[in-house]
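In: Build the 3D model from these lines:
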Amino acid sequence: HIDVIVSRLKAKFGADVELKAPKIAYRETIRKSVKVQGRHKKQSGGHGQFGDVWIRFEPCDSDELVFEDEVFGGAVPKNFFPAVEQGIRDAMQKGVLAGYPMVHLAANLYDGSYHDVDSNEISFKLAANIAYRDGLPQANPVLLEPVGELKVYVPDNYVGDVMGDLNKRRGRVMGIEPTEDGSEMQTVLAEVPFSEMMDYVIALRAATQGRGRFDFDFIRYDEVPVSIAEKVIAEAKREMLYNHLFGEGGKMALTDGAKEEYFQTRYCHMQIIYINDKSVEVTDEDGKAVMNADGTPATRALTEAEA
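Out: Numbering: from 1, shown residues only. Just a heads-up that it's a prediction; the model follows:
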């Protein structure tokens with residue numbers, strides 16, 4: 001159906017349509033607690049910036065951030081607590097594994113320090129962001145995927161084929177029930193990850209000669225198996241790098257035809273080697289140095305933000 005519509009748009013209006021696979025709404029979370037310091041200090045003449053926080057990050061059941069404070073003795077003034085919370089909320093929009101939103105996170109601000117002159121809201125917001133960025137990789141972060149409840153309505157003689165196909169899709173068959181109308185149709189109940197359902201309409205039609213149909217509704221998020229998570233994370237990082245180079249405001253001004261070729265040959269298998277705390281080197285899969293995204297040499301000094 002989509003192909004027909006695309007053809008009509010092209011023939012009637014001369015409009016080209018770019019088709020992409022739907023994106024899966026992955027999420028990220030952590031599996032253990034971690035205590036971490038976030039310290040932001042900047043001095044450039046006149047008033048500077050200073051914020052220092054100690055935060056305990058823990059897993060929880062809430063999709064939204066659960067923020068608490070246990071600061072005693074005025075180590076961090078109360079008027080900076082909202083800035084710390086907002087800094088974490090902003091950071092949670094991108095997880096530390098693949099940039100997907102972070103969920104099931106609790107943060108407890110329990111200590112810190114401030115400067116009478118240089119401390120302000122933005123300083124504590126940045127300090128909280130640093131604590132998030134440095135702490136969560138130590139908290140056993142994992143990738144979560146949406147899982148749906150599947151009801152497949154098929155004739156008796158196709159039940160075996162449908163169940164076999166669902167097993168290949170990492171589905172868990174929960175049972176088989178007769179349909180309420182008393183016909184020869186059976187209802188196969190299963191739970192299946194969303195990522196395995198992209199082509200199920202076509203697959204079910206082919207397996208049942210067009211006689212099968214299904215309902216599919218979201219029920220929860222489950223942890224992604226390690227082998228699959230590695231592929232999802234690698235692809236997400238690749239996409240983020242590609243967008244950084246060639247997206248809106250990207251640093252590489254190449255024609256559309258040259259973008260992917262350049263990216264595949266120079267960046268798809270790149271490695272980032274930290275020489276020390278002050279410089280970084282970018283190499284390809286053979287260990288050969290490549291240029292940076294902005295055309296500078298492969299070995300360069302880190303910016304303050306990167307450091």
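In: Doesn't residue 11 belong to a helix?
Out: Yes - assigned with DSSP: H, G, I helix; E, B strand; the rest coil, residue 11 falls within a helix.
In: pretty sure residue 96 is touching residue 28, no?
Out: Yes - assessed by C-beta atoms under 8 Å, residue 96 is found in contact with residue 28 at 7.1 Å. In short, each C-beta sits where N, CA and C put it, glycine included.
In: Mutual contacts of these two, please.
Out: Listed as contacting both residue 96 and residue 28 by C-beta atoms under 8 Å, 6 or more residues apart in numbering are 102, 141.
In: Tell me which of these two has more neighbours.
Out: residue 28 (24 against 19; other C-beta atoms under 10 Å).
In: Which strand residues bridge the more buried one?
Out: Residue 28 forms beta bridges with residue 102, residue 143, as assigned by DSSP bridges.
In: Read off the pLDDT value for it.
Out: The model reports residue 28 with a pLDDT of 96.
In: One more: the one 4 residues further on?
Out: Reading off the per-residue confidence, residue 32 sits at a pLDDT of 95.
In: pLDDT below threshold where in the stretch 101-250 of the chain?
Out: Residue ranges of the stretch 101-250 of the chain with pLDDT under 70: 181-182, 242, 244-250.
In: the helices in the stretch 51-200 of the chain, which residues?
Out: In the stretch 51-200 of the chain, the segments counted as helices under DSSP state H, counting those that start in this stretch are 81-91, 121-135, 159-168, 200-207.
In: Distance to residue 141 and mean neighbour count added to these, as CSV?
Out: Putting the helices of the stretch 51-200 of the chain into CSV (distance: least, C-beta to C-beta, whole Å; neighbours: other C-beta atoms under 10 Å) gives the following:
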stretch, distance to residue 141, mean neighbour count
helix 81-91, 13, 20
helix 121-135, 10, 22
helix 159-168, 28, 16
helix 200-207, 30, 15
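In: Of all these, which one is nearest residue 2?
Out: Between residue 2 and those, the tightest spacing by C-beta to C-beta is seen for helix 200-207, at 11.4 Å.
In: returning to that earlier point: which among the helices of the stretch 51-200 of the chain is found nearest to residue 17?
Out: Closest of the helices of the stretch 51-200 of the chain to residue 17 is helix 200-207, at 19.6 Å (criterion: C-beta to C-beta).
In: ok, residues contacting the closest one?
Out: 152, 154, 158, 161-162, 165, 169, 212-214, 216.
In: same thing but at 7 Å, please
Out: Contact partners of helix 200-207, identified using C-beta atoms under 7 Å, 6 or more residues apart in numbering, comprise 152, 158, 161-162, 165, 212, 214.
In: Could you do stretch 94-109 as well?
Out: Outside of stretch 94-109, the residues within contact range by C-beta under 7 Å, 6+ apart are 26-30, 53, 55-63, 65-71, 76, 81, 84, 88, 92-93, 133, 136-137, 141, 143, 232-233, 236-237, 240.
In: switch to 6 Å and redo it
Out: Residues outside stretch 94-109 that contact it (C-beta atoms under 6 Å, 6 or more residues apart in numbering) are 26-29, 55-60, 63, 65-71, 84, 88, 92-93, 136-137, 141, 143, 233, 236, 240.
In: likewise stretch 217-237?
Out: Identification of contacts with stretch 217-237 by C-beta under 6 Å, 6+ apart yields 27, 97-99, 142-149.
In: Just give me how far that stretch sits from the chain centre.
Out: Distance, stretch centre to chain centre, for stretch 217-237: 9 Å (C-alpha atoms, centre = their mean, to the nearest Å).
In: What is the end-to-end distance of that stretch?
Out: 29 Å (C-alpha to C-alpha, to the nearest Å).
In: Can you give me the buried ones in it?
Out: Using 16 or more other C-beta atoms under 10 Å as the test for burial, stretch 217-237 gives 221, 224, 229, 232-233, 236.
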